[in-house]
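Asks: my questions concern the predicted model and sequence given below.
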Amino acid sequence: GSIANEEQHEALVVGTGFGGLYALYLLKQLGLDVRAVESGADVGGTWYWNKYPGARSDVTSDTYRYSWDKEILQNSKWPHNYLLQSEIQANFQEVAKKHDLYPLITFNTKLEQAHWDENASLWKVAFSNGQSYAVRYLVTSIGITHKPYIPDIPDLDAFKGRITHTSQWTPDIEWEGKRIAVIGTGASGVQIASTLAEKAGSLTHFIRHAQYVLPAQYRLVSTEERKLINDRYDQIWHDVFASAVGFGFAEPNRPTLSVSPEDREQIFEDLWNQGSGFRFLFGGFSDLVVDEAANKEAINFIHRKINEIVKDKAKAEVLTSNDWFARRPLTDDHYYERFNQPNVFAHDLKKAPISRATPTGLQTSDGKDHEFDLIVFATGFDATDGSYYAIDFKGRGGKTLEDHWLGQGGPRTHLGISTSSFPNLFFVNGPGVPFANNPPVTEKSAEFGAELIKRAEEIRKEGKGTGVVENSKEAEEKWLQTCTDIGHATLFAKTGSWFFGENVPGRKHSPRFYFGGIGSWRKALSDVRRNGYEGYSFGEK
Ligand code: NA7
């Protein structure tokens with residue numbers, strides 16, 4: 001039944017980052033009565049929250065943006081080859097203003113509950129501000145890295161200094177001249193450690209798994225270069241959407257061992273000088289993430305660089321990884337050289353893990369007390385599907401998403417877009433979308449959801465059925481199998497990370513992404529469309 005303060009709308013979008021803001025625009029264009037809720041105080045999603053010093057994109061400025069607004073694409077200003085957090089945030093604000101999206105968004109408000117009402121064929125949703133809606137369509141774009149993960153450290157409350165997680169950084173945090181601990185060496189940990197080290201009193205990077213960090217080669221983009229990019233934009237996006245990883249650089253079809261050692265060294269050197277971890281991993285050779293011998297060549301090259309840059313051999317050793325170079329590649333211009341400062345330390349957690357916190361810092365298992373004013377957790381997120389478990393979702397028969405996903409070993413979706421038993425629920429960037437440059441993936445993901453909604457509305461209005469959209473169990477099992485098979489053919493599957501849900505203790509190893517690339521995912525989407533939305537039912541009579 002309906003409750004007193006329940007508002008009726010046709011559709012609700014949850015989240016206003018890359019995916020949500022575009023989904024909101026698309027549903028508004030369809031003429032639906034649509035609203036959005038956003039837990040932050042402004043648009044931007046991940047880029048609204050992650051304001052830590054050094055937060056920036058490591059995808060180049062030309063393709064780390066929307067492709068669909070040609071006017072903004074041509075005119076928005078980006079002086080450098082990478083975007084700072086503030087620049088990305090400004091871009092979101094520009095889009096939201098131009099397309100009149102602000103009036104549709106309720107800020108500082110979380111979706112807390114979403115229950116499917118079988119009789120009414122509506123989602124009954126409740127928010128942290130006490131409001132509730134009944135909506136026919138629910139589109140979630142709640143972020144693949146939203147819910148912070150902070151490991152259990154005994155006695156952490158005893159620490160008298162300041163504690164923060166990278167995604168919870170606020171500008172009032174004093175750090176210049178302070179003694180700082182950074183725990184974690186993912187994209188966030190490397191960026192923040194490199195930036196804080198510049199003006200810290202001292203900085204210790206606590207490293208459990210060292211990583212491979214490639215330079216960014218951050219620089220100004222000249223007017224001529226920008227004009228060339230603007231002129232080529234149609235072609236750039238065409239290539240991005242047909243490619244594997246979608247970053248705008250060419251993806252050569254050249255195995256690493258097909259060239260001579262001298263040529264290989266030169267190619268790696270050129271990639272190093274061009275900048276970007278993504279380019280290094282995907283823009284030089286075709287097989288670095290699938291062939292062990294190829295991967296080893298890349299590893300050896302980077303090890304040589306670390307040894308050239310880092311003068312202190314003991315520090316260099318801690319910074320040197322023994323794992324495959326098959327996690328999310330990292331990018332930073334100054335990370336390794338910071339360790340040449342006498343006040344910057346690399347602590348090997350494999351040798352001496354943190355045993356507990358003390359009022360003045362952290363104690364490691366070798367009995368050493370490390371004193372700090374500030375502890376930064378760069379320990380990542382309960383990523384991808386993790387964002388969903390914070391919300392009380394109930395689908396058909398009261399089934400929870402946690403049951404449906406974790407209860408069966410991991411999330412399963414049809415193409416990353418939807419899941420069975422949860423009708424009229426559309427994920428933007430759900431588990432099972434391609435691992436690739438994120439903005440292009442969110443666009444195609446939002447567009448496919450909007451397309452299914454459009455089709456459902458047609459069927460309902462023509463009286464041909466209820467218009468309730470749901471994918472079959474078989475369809476999602478098949479996609480999960482595809483993601484598993486392709487994932488297991490890569491070294492990503494052998495290198496524990498959030499790509500397979502392994503960063504959160506207790507989770508089973510199961511793919512969170514499709515590693516087959518954007519181009520072939522789009523082909524799968526268009527095959528579904530061509531075959532009358534194969535795998536989907538629309539409540540046809
Ligand atoms: P990531 O990539 O998940 O990195 C988390 C880091 O935290 C990683 O180095 C972990 O070490 C480390 N970690 C996690 N738990 C612990 C404990 N208990 N002790 C020590 N170290 C720990 O998160 P990010 O925020 O950097 O990046 C997430 C994505 O957001 C990123 O890829 C971007 O696309 C945006 P491990 O290597 O597992 O040993």
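Replies: On my side now, so go ahead.
Asks: how about the residues of the stretch 301-450 of the chain by the ligand?
Replies: 328, 349, 378-381 (C-beta under 6 Å from any ligand atom). From N, CA and C alone the C-beta is placed, and that goes for glycine too.
Asks: now do 8 Å
Replies: Counting by C-beta under 8 Å from any ligand atom, the residues of the stretch 301-450 of the chain close to the ligand are 327-328, 349, 353-354, 377-381, 383, 438.
Asks: try the chain
Replies: Residues of the chain lying close to the ligand (C-beta under 8 Å from any ligand atom) are 46, 50, 144-145, 149, 151-153, 166-167, 183-190, 206-209, 211, 327-328, 349, 353-354, 377-381, 383, 438, 496-498, 503.
Asks: list the contacts of Glu71.
Replies: By C-beta atoms under 8 Å, 6 or more residues apart in numbering, the contact list for Glu71 is empty.
Asks: pLDDT below threshold where in this structure?
Replies: Low-confidence regions of the chain, defined by pLDDT under 70, span residues 1-4.
Asks: redo that, cut-off 50
Replies: For the chain, applying pLDDT under 50 flags the ranges 1.
Asks: for the biggest helix by length in it, list every residue counted as buried.
Replies: In terms of residue count, the longest helix belonging to the chain (DSSP state H) is helix 438-461. Using 16 or more other C-beta atoms under 10 Å as the test for burial, helix 438-461 gives 438-453, 455-457, 459-460.
Asks: now stretch 175-182
Replies: 175, 178-182.
Asks: for those residues, which one is nearest the ligand?
Replies: The ligand lies nearest to Val182 out of the buried residues of stretch 175-182, by C-beta to the nearest ligand atom, at 9.6 Å.
Asks: element containing that closest one?
Replies: Assigning secondary structure by DSSP states H and E places Val182 in strand 179-183.
Asks: same question, Glu337
Replies: Here Glu337 is assigned to helix 335-338, by DSSP H and E.
Asks: next secondary structure element downstream of that helix?
Replies: strand 344-348.
Asks: CA atoms of that next one as PDB?
Replies: Taking Å, rounded to 0.1, in the frame of the first residue of the first chain, the C-alpha atoms of strand 344-348 are listed here in PDB:
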ATOM      1  CA  VAL A 344      60.200   9.400   3.300                       C
ATOM      2  CA  PHE A 345      60.200   5.800   4.200                       C
ATOM      3  CA  ALA A 346      58.900   2.500   2.700                       C
ATOM      4  CA  HIS A 347      57.700   0.000   5.200                       C
ATOM      5  CA  ASP A 348      57.400  -3.600   4.100                       C
END
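Asks: related to what we said a few turns ago, of the residues of the chain next to the ligand, buried ones?
Replies: Buried, going by 16+ other C-beta under 10 Å: 46, 50, 144-145, 149, 153, 166-167, 183-190, 206-207, 209, 211, 327-328, 349, 354, 377-381, 383, 438, 497-498, 503, out of the residues of the chain next to the ligand.
Asks: among the residues you listed, name the ones in helices.
Replies: 46, 187-190, 438.
Asks: biggest separation within these, which pair?
Replies: Gly189 and Asn438 (19.1 Å; C-beta to C-beta).
Asks: wait, Gln93 sits on Ala41?
Replies: No. Using C-beta atoms under 8 Å as the test, Gln93 is too far from Ala41 to be in contact (11.9 Å).
Asks: if I look at the residue in the stretch 101-250 of the chain that the ligand sits nearest to, how far off is Asn108?
Replies: Per C-beta to the nearest ligand atom, Gly186 is where the stretch 101-250 of the chain lies closest to the ligand, at 2.3 Å. Distance, Gly186 to Asn108, using C-beta to C-beta, to the nearest Å: 28 Å.
Asks: same question for Ser321.
Replies: Ser321 is 41 Å from Asn108, by C-beta to C-beta.
Asks: neighbour-wise, which of the two wins?
Replies: Counted by other C-beta atoms under 10 Å, Ser321 and Asn108 do not tie: Ser321 has more neighbours, with 19 against 12.
Asks: just list the residues touching that one, thanks.
Replies: So, once contact is read as C-beta under 8 Å, 6+ apart, Ser321 ends up touching 209-212, 299.
Asks: closest to Gly31 out of these?
Replies: Within those, the smallest distance to Gly31 is 47.5 Å, found for Gln211 (C-beta to C-beta).
Asks: so that closest one sits against Ser188, correct?
Replies: No. Using C-beta under 8 Å, Gln211 makes no contact with Ser188, being 11.7 Å away.
Asks: residue of the stretch 251-400 of the chain closest to the ligand, please.
Replies: Gly380 (2.5 Å).
Asks: what about that residue, distance to Gly506?
Replies: 15 Å.
Asks: residues in contact with stretch 183-195?
Replies: Contacts of stretch 183-195 (C-beta under 8 Å, 6+ apart): 50, 52-56, 58, 151, 166-167, 169, 182, 203, 205-211, 213, 327-328, 330-335, 338, 354, 375-380.
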